[in-house]
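Undergrad: What would the 3D arrangement of this be:
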Amino acid sequence: QVQLVESGGGLVQPGGSLRLSCAASGSFFSIDAMDWYRQAPGKQRELVAGITSGDTIKNGDSVKGRFSVSRDNAKNTVYLQMNSLKPEDTAVYFCHTDRLRLVAGGPTYSWWGQGTQVTVSS
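TA: Sure thing, here's the model as predicted:
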């Protein structure tokens, strides 16, 4: 069973920083791209940032210049460094991939983590 496990969430004051991690575990061949999404209460889930195994990066407009994504392919882990946090960044942050391959040459699958809560408040 493949798992994407997020960690690093918590309560932080406005202007503060957090670093989220998402570790992939289980039996799989490859994960070629991983994304971070977030969902605030009453709002749709939105893309925060994403990164491919070749380090191609995409960022959501609302976090450009404040958040950065990186990955450690050897550890099957993706990170989200969040700086200059604002109350509107409060949300559950999810790790996601739509490029999970269970076997070489096989189809790709979409997979979600369970999410980690980030609360920005004074």
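Undergrad: Lowest mean pLDDT among the helices and strands of this structure, which one is it?
TA: strand 57-59 (a mean of 88; mean pLDDT, DSSP states H and E).
Undergrad: roughly how far is that strand from the heart of the chain?
TA: Per C-alpha atoms, centre = their mean, to the nearest Å, the displacement of strand 57-59 from the mean C-alpha position of its chain is 11 Å.
Undergrad: One more: stretch 52-65?
TA: With C-alpha atoms, centre = their mean, you get 11 Å for stretch 52-65.
Undergrad: List the contacts of it.
TA: Residues outside stretch 52-65 that contact it (C-beta atoms under 8 Å, 6 or more residues apart in numbering) are 30-33, 46-51, 67, 69, 71, 73, 82, 88-89. Every residue, glycine included, has its C-beta placed from N, CA and C.
Undergrad: picking up where we left off before, does anything pack onto the very next helix or strand once past the least confident helix or strand of the chain? Which helices or strands?
TA: Remark: after strand 57-59, the chain's next helix or strand is strand 67-72, criterion DSSP states H and E. Judged by 3 or more C-beta pairs under 8 Å, 6 or more residues apart in numbering; DSSP states H and E, strand 67-72 is in contact with strand 46-52, strand 57-59, strand 77-82.
Undergrad: Apply 10 Å and report the result again.
TA: strand 18-25, strand 33-39, strand 46-52, strand 57-59, strand 77-82 (3 or more C-beta pairs under 10 Å, 6 or more residues apart in numbering; DSSP states H and E).
Undergrad: List the buried residues in the third one.
TA: Buried positions in strand 46-52, judged by neighbour count with 16 or more other C-beta atoms under 10 Å: Leu47, Val48, Ala49, Gly50, Ile51.
Undergrad: Could you do the first one as well?
TA: By 16+ other C-beta under 10 Å, the buried positions in strand 18-25 come out as Leu18, Leu20, Ser21, Cys22, Ala23, Ala24.
Undergrad: Run the chain-centre distance for that strand.
TA: Remark: strand 18-25 is offset 7 Å from the chain centroid, using C-alpha atoms, centre = their mean.
Undergrad: That strand pairs with which strands, and in what direction?
TA: strand 3-7 (antiparallel), strand 77-82 (antiparallel) (DSSP bridges).
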